[in-house]
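[1] need a structure here:
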Amino acid sequence: MSRRIIVSSLAGATVLGAAGAYAFAAQASESGPALRDATANYAAPAEGRDGSLTFTARVSDDSGVRDVKVLAWPDSMQQAPTKQEMAAVESAACTPSGGGAAMCRYTVPVTGSDVAESPGGVWNVAVLVTSKDGGNAFVPRAAAFTTGL
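    Presented below is the predicted three-dimensional model:
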């Protein structure tokens, strides 16, 4: 599964709802990374301008956060991406916020071509958090958003 195909095919003709919302917490042990306050906001392209998808989350681990991988995928897909597939996708930009925590943000443009090639409906955002000590947490449905058909 190509990361650009999935991420680039994110559009729909209209935004039925932006969505921040399913803020699923990663189930992690005391020493594993955690993901909180995850949101995804989608804006469809309009005449003369690109749209975008922006994902934000607060991540933390006792040792600090090394990397946060982000992948949007359509709910209509047979299966969610796997933890192994997440290793090859793009990373969010993270800003340390103290105590092993960081605020992470990932933004990707959505063009008119993306809209033409993408399924509408519900999309999920999968996240793989890796801590500095090598621990990780995989959340296949960290946030969701809806696009029009």
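[2] helix or strand right after the helix or strand bottoming out on mean pLDDT in the chain?
    Sorting the helices and strands of the chain by mean pLDDT, DSSP states H and E puts helix 3-8 at the bottom, at a mean of 36. Once the chain leaves helix 3-8, the next helix or strand it forms, by DSSP states H and E, is strand 34-43.
[3] where are the low-confidence patches of this protein?
    Low-confidence segments of the chain, defined by pLDDT under 70: 1-31, 149.
[4] for it, which segments are assigned as strands?
    Under the criterion DSSP state E, the chain contains strands at 34-43, 51-60, 65-74, 93-98, 101-110, 121-131, 136-147.
[5] what comes up buried for the last one?
    Along strand 136-147, these residues count as buried under the neighbour rule (16 or more other Cβ atoms under 10 Å): N136, A137, F138, V139, P140, A142, A143, A144, F145, T146, T147. In this view, the C-beta of every residue, glycine as well, is placed from N, C-alpha and C.
[6] find the nearest non-adjacent residue to the fifth one, please.
    So the one you mean is P140. A80 (3.9 Å; Cβ to Cβ, 6 or more residues apart in numbering).
[7] over to the third one?
    Taking Cβ to Cβ, 6+ apart, and ignoring the residues beside it in sequence, F138 has K83 as its nearest neighbour in space, at 4.3 Å.
[8] before we move on, what about D133?
    S63 (3.8 Å).
[9] I'd say the one you found and V129 touch.
    No. With contacts counted by Cβ atoms under 8 Å, S63 stays clear of V129, the gap being 11.8 Å.
[10] which one of these two is surrounded by more residues?
    With neighbours defined as other Cβ atoms under 10 Å, S63 and V129 compare such that V129 has more, 30 against 14.
[11] hang on, that one packs against A101?
    No. The pair V129 / A101 is not scored as a contact, 11.4 Å apart, by Cβ under 8 Å.
[12] okay, and the common contacts of the two?
    Common contact partners of V129 and A101 (Cβ atoms under 8 Å, 6 or more residues apart in numbering): V59, V65.
[13] nice, that's everything, thank you.
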